[in-house]
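Trainee: No sequence on hand, only this structure:
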């Protein structure tokens, strides 16, 4: 397999982008990434979007975006794995280059959620329609069940959940691309409007528009560019049952666990080797569970781990320096690509006020639905 | 790049499968393919489906199907390129194996179109929403425009269009998996209910439920099995503008042309080397245009080419021996995979009454929308 690097990144601001259409958003991110990479062509592209059919009445997204980006007739494919679509677009781009089929590949994601569609219904299509959605439950409800189980089983507290939101909003306050560039307090999170007990509106990621793209290339091409070389040293995906009732233990996100274990093995690393991580905090409880599955802390101990500041900007392992899905925003198809962009910025040393010192190895974990799909990427900055 | 073969196939009957759910259909096809291949595991899978969100309210299809097939936690991804989704699932499976990432990969597609959804609207999401669909045109209308242009420019006749339907229904009458296992006459096609002038209902492929899967493996594994070795010698994709008005000439399907040229080049072959072909006859006019883009006949001469019997079962290049989308049915996400299955059956010599003598090299061409995406696979039976 050929080794693959990230040679360019570009993203739109995340938020309510009322003046920009679905295709505008992707093209903006794509052109920024192409410009950042300094390439004069691309060989193929992969676009992650979760449910553009329901959000904007548009499928056939690969060809559409290739044409609007001005790169048709190159092969262009839309990939979908719910909120894990952006991460899986990266995964496919890596395989494409690794196989020798393509050299320069554009990967990314886009979602236009603020366009009049019923976002709660559209998002619910990531859950099991027959066993979950038809019964009336929505995603805040599913994650509230996980939160209740975690609190019951491990003594996790309401305050510990809120701490995730406080931390991520603090980080997002320094991210010019974030949807919410403001801090919140523990009290504000806990006293906000209840969505699904114990989760308030400030435990939930928002409905967002946005796009994010990366340019991938083989190591030999990356070496010729006059910029830090960011190599992808692992890209591993896994799946699980969609429906919570089919899992042995709803506080365990097995797809995250399996994808992380495979990624560490592939990279020849352990959790303590990671300098910075972006993880899928669609709800505060998700970030807690993910800390455990990634091996950053022991099973059941994530509440205290976060409460003690281990995942803060100056902590042992800074998590969601971008603001995470909570503060940066969560245009579902774009999220996985934006996570990788934050890691690239941290490794390049261009993360501004959010910069972690001497970050050499970063991890991005992107997840679909209530955890039925997950992909973990580990990136490494090679010596200059 | 590692060389890739097809070692197993399985499909459901196509048609109105009222007693089978979306997931049932895929699992039935998947289990048949696994059984046919005789493998005891798969490493990853790719599921093509066009718009399951609109048809059955279900996205996150890769993980769902992996779970119901009993193969989670392996990586499983849904790919979408409108009606070209099944063919692109094969393409991704090939890259996965070629890269060395996986050995045994399940690829396929599924669609459940008869489940109460507005099929005309759901399918329209493959066209350009902003410039085509919002103005009120649907797919029969778009292809009728292409047909009118072809008739005007090249003198193609109404009867020549109808001949495609007659031929494909004749072939489909011998296919036990076909939705319509009956012959039709030229008069029946021309006098059927008009849908969009000049296309009648018998020029249009039907609304169908169905699933089709293949098992891919590297050549070294295929060689160990006691069955004919079917090698994929080319898999090439291309794109074009979604909207007809953006194309220089609407009688030219440029994505088909580019994908075919690349595939012939990769295979080191020319059109006359092909013994049998399955092509994307979503409407009769599509099959005519595709004959020209694949180089089976000269530009503008496809009407006479088909009328003269060149594409019949006993013709120079038999096309759509399965009955094609017209007679076999067109569950959009599954179609590309089912085309490849027909070619495998022909090369294996197991196509029953539809069998072509001494077929060694076959081509499958799958297309999305009004031709904005296309993928061409060329398969070769290796010497026993």
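Mentor: Ah, there it is. Nothing here was measured: the structure is a model prediction, and the numbers come from that model.

Trainee: Name the SS class of residue A:109, please.
Mentor: Taken by DSSP: H, G, I helix; E, B strand; the rest coil, the conformation at residue A:109 corresponds to strand.

Trainee: and the residue most central in space within chain A, what element?
Mentor: Computing the C-alpha centroid of chain A and ranking residues by CA atoms, centre = their mean puts residue A:336 first, at 3.2 Å. In this structure, residue A:336 sits in helix A:335-348 according to DSSP states H and E.

Trainee: so the helix or strand following that helix versus helix A:335-348, what angle?
Mentor: Past helix A:335-348, heading to the C-terminal end, the next element that is a helix or strand (DSSP H and E) is strand A:361-368. Following axes from the mean of the first three to the mean of the last three CA atoms, to 10 degrees, one obtains 170 degrees for the angle between strand A:361-368 and helix A:335-348.

Trainee: Wondering if strand A:361-368 reaches chain B at all.
Mentor: Yes - on the criterion CB under 8 Å from any CB of the partner chain, strand A:361-368 is in touch with chain B at residue A:368. C-beta here means a position set from N, CA and C on the backbone, and glycine is covered the same way.

Trainee: Now name the helix or strand holding the one residue in the stretch 151-300 of chain A that gets nearest to chain B.
Mentor: In the stretch 151-300 of chain A, no residue comes nearer to chain B than residue A:237, which is 3.7 Å away by CB to the nearest CB. Counting by DSSP H and E, the element that carries residue A:237 is strand A:230-239.

Trainee: So what's the model's average confidence on whatever helix or strand comes next after that strand?
Mentor: Using DSSP H and E, the helix or strand that follows strand A:230-239 in sequence is helix A:254-267. Helix A:254-267 shows a mean pLDDT of 98.

Trainee: How is chain A divided into domains?
Mentor: A:4-117+A:207-222, A:120-205+A:232-381 (automatic domain parsing).

Trainee: Pipe those into CSV and attach distance to residue B:68 per row.
Mentor: Converted to CSV, the domains of chain A look like this (distance: least, CB to CB, whole Å):
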stretch, distance to residue B:68
domain A:4-117+A:207-222, 16
domain A:120-205+A:232-381, 9
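
Trainee: Go through those domains and name the closest to residue B:340.
Mentor: Checking the domains of chain A against residue B:340 by CB to CB gives domain A:4-117+A:207-222 as the closest, at 17.0 Å.

Trainee: quick check, the closest one touching chain B?
Mentor: Yes - against chain B, domain A:4-117+A:207-222 shows contacts by CB under 8 Å from any CB at A:21, A:23, A:50-51, A:53-54, A:56-64, A:66-67, A:72-82, A:88, A:91-92, A:95-96, A:98-101.

Trainee: what about burial for those residues, which qualify?
Mentor: Among the residues of domain A:4-117+A:207-222 next to chain B, those classed as buried by 16 or more other CB atoms under 10 Å in any protein chain shown are A:21, A:23, A:50-51, A:53-54, A:56-64, A:66-67, A:72-82, A:88, A:91-92, A:95-96, A:98-99, A:101.

Trainee: Keep only those of those that are in strands.
Mentor: Taking DSSP state E, the ones among these that sit in strands are A:76-80.

Trainee: Out of the residues you listed, which two are the most distant from each other?
Mentor: The most widely separated members of these are A:76 and A:80, with 14.2 Å between them, by CB to CB.

Trainee: what's the most buried one of the domains of chain A?
Mentor: Mean neighbour count, computed with mean count of other CB atoms under 10 Å in any protein chain shown, is highest for domain A:4-117+A:207-222 among these, reaching a mean of 25.

Trainee: List the contacts of residue A:264.
Mentor: Residue A:264 makes contacts with A:234, A:270-271, A:295, A:378, as judged by CB atoms under 8 Å, 6 or more residues apart in numbering or on different chains.

Trainee: If we use 7 Å, what do you get?
Mentor: Residues touching residue A:264, when contacts are defined by CB atoms under 7 Å, 6 or more residues apart in numbering or on different chains, comprise residue A:270.

Trainee: again with residue A:300
Mentor: A:153-154.

Trainee: Would you map the helices across the stretch 1-150 of chain A?
Mentor: Taking DSSP state H, counting those that start in this stretch, the helices of the stretch 1-150 of chain A run over residues A:22-37, A:52-56, A:61-68, A:85-98, A:119-124, A:139-154.

Trainee: Does anything pack onto the shortest one? Which helices or strands?
Mentor: Helices and strands touching helix A:52-56, as assessed by 3 or more CB pairs under 7 Å, 6 or more residues apart in numbering or on different chains; DSSP states H and E, comprise strand A:105-112, helix B:52-56.
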